[in-house]
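Engineer: sequence? don't have it. structure:
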């Protein structure tokens, strides 16, 4: 799967596995060394997000979400962080099938959507009205999109998401915070990605009828189910899974079942 330096990087990451987590409150959810060994190419000159997604900004953002990577057993914590990093890696990937070090070494290459097809404004959502001249295209590690996400994210995190959406691709700490906010926040009828990955997802009758079973595939459904779920497994879904399998191996945990969302109805 990986080529070139990937073998050495993986061995290095595994050797640093003991640094990944600590039971002590306030300890890093991932070490600087491991972070840098995972995201080998994020600061390459070819990546538009060069020098944007820093480790220090990531750590600063995680302090606002103390349950992230610190809920449940050690394996559960590791699996959640692996899943989060996999999803954001896909959303920001600059990789391709024959990329140096393999396709799953190119996460965090982009900080905003390339050639957006629209301004992602839902005019029917009057609670979070679009500001004139603003685009709510994908930005940040999770590629935050649409006015109905920018508005509540800004309110929760202390910035004007509707009038100043550009800050998500201009401020590294806020950018990371938006990704963690989306991951940790339940937006009914969707559960939070966090609750799914730590075993706290309780499916409703509608969920059961829609075959929304707990696992990494359900997280994909929460993030981009309208395009990727309920249809034959796409290249995008396989890319997300590929990243997750790589990171789970590095963190020495299993991925768990239900990796795709082919048979799930989207929300």
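Structural biologist: Arrived safely. This is a predicted model, so every value here is computed, not measured.
Engineer: make it CA atoms for all contacts and neighbour counts henceforth
Structural biologist: OK.
Engineer: Could you check stretch 132-148 and say which residues are buried?
Structural biologist: 134-148 (16 or more other CA atoms under 10 Å).
Engineer: Endpoints of it, how far apart?
Structural biologist: 15 Å (CA to CA, to the nearest Å).
Engineer: about what we covered before: please list the members of the buried residues of stretch 132-148 that lie in helices.
Structural biologist: Among these, the ones falling in helices (DSSP state H) are 147-148.
Engineer: Kindly indicate which of the buried residues of stretch 132-148 lies nearest residue 264.
Structural biologist: residue 142 (21.3 Å; CA to CA).
Engineer: Need the residue closest to the centroid of this protein.
Structural biologist: residue 88 (3.1 Å; CA atoms, centre = their mean).
Engineer: Shouldn't it be within a helix?
Structural biologist: Yes. With DSSP: H, G, I helix; E, B strand; the rest coil as the criterion, residue 88 is located in a helix.
Engineer: so it makes contact with residue 141?
Structural biologist: Yes. If you go by CA atoms under 8 Å, residue 88 and residue 141 touch, sitting 5.1 Å apart.
Engineer: Overlap of the contact sets of these two?
Structural biologist: By CA atoms under 8 Å, 6 or more residues apart in numbering, residue 88 and residue 141 have these common neighbours: 108, 179.
Engineer: circling back: give me the local confidence score for the residue nearest to the centre of the chain.
Structural biologist: At residue 88, the model reports a pLDDT of 98.
Engineer: and it, what does it touch?
Structural biologist: 107-108, 141-143, 179 are the contacts of residue 88 under CA under 8 Å, 6+ apart.
Engineer: what about 7 Å?
Structural biologist: Contacts here follow CA atoms under 7 Å, 6 or more residues apart in numbering; on that basis residue 88 touches 141-142.
Engineer: Distance check, it against residue 204.
Structural biologist: When residue 88 is compared with residue 204 (using CA to CA), they lie 27 Å apart.
Engineer: Kindly report the same for residue 247.
Structural biologist: Taking CA to CA, one finds residue 247 at 30 Å from residue 204.
Engineer: Looking only at neighbour counts, state which of those two leads.
Structural biologist: Set side by side, residue 247 and residue 204 show more neighbours around residue 247, with 26 against 11, by other CA atoms under 10 Å.
Engineer: Next, give phi and psi for that one.
Structural biologist: phi -70, psi -40 (degrees, to the nearest 10).
Engineer: what does residue 57 give?
Structural biologist: Torsion angles, degrees, to the nearest 10, at residue 57: phi -70, psi -40.
Engineer: Quick check, it in contact with residue 173.
Structural biologist: Yes. Counting by CA atoms under 7 Å, residue 57 does reach residue 173; the two are 4.8 Å apart.
Engineer: More neighbours: these two, which one.
Structural biologist: residue 173 (23 against 17).
Engineer: So the more buried one sits against residue 63, correct?
Structural biologist: No. With contacts counted by CA under 7 Å, residue 173 stays clear of residue 63, the gap being 10.9 Å.
Engineer: Quick one: low-confidence residue ranges for the stretch 51-200 of the chain.
Structural biologist: Residues of the stretch 51-200 of the chain meeting the criterion pLDDT under 70: none.
Engineer: quick one, helices of the stretch 1-150 of the chain?
Structural biologist: Counting by DSSP state H, counting those that start in this stretch, residue ranges of the helices within the stretch 1-150 of the chain are 6-15, 32-38, 55-62, 74-91, 147-157.
Engineer: Buried deepest among those helices, which one?
Structural biologist: helix 74-91 (a mean of 23; mean count of other CA atoms under 10 Å).
Engineer: what pLDDT does residue 28 get?
Structural biologist: For residue 28, pLDDT reads 76.
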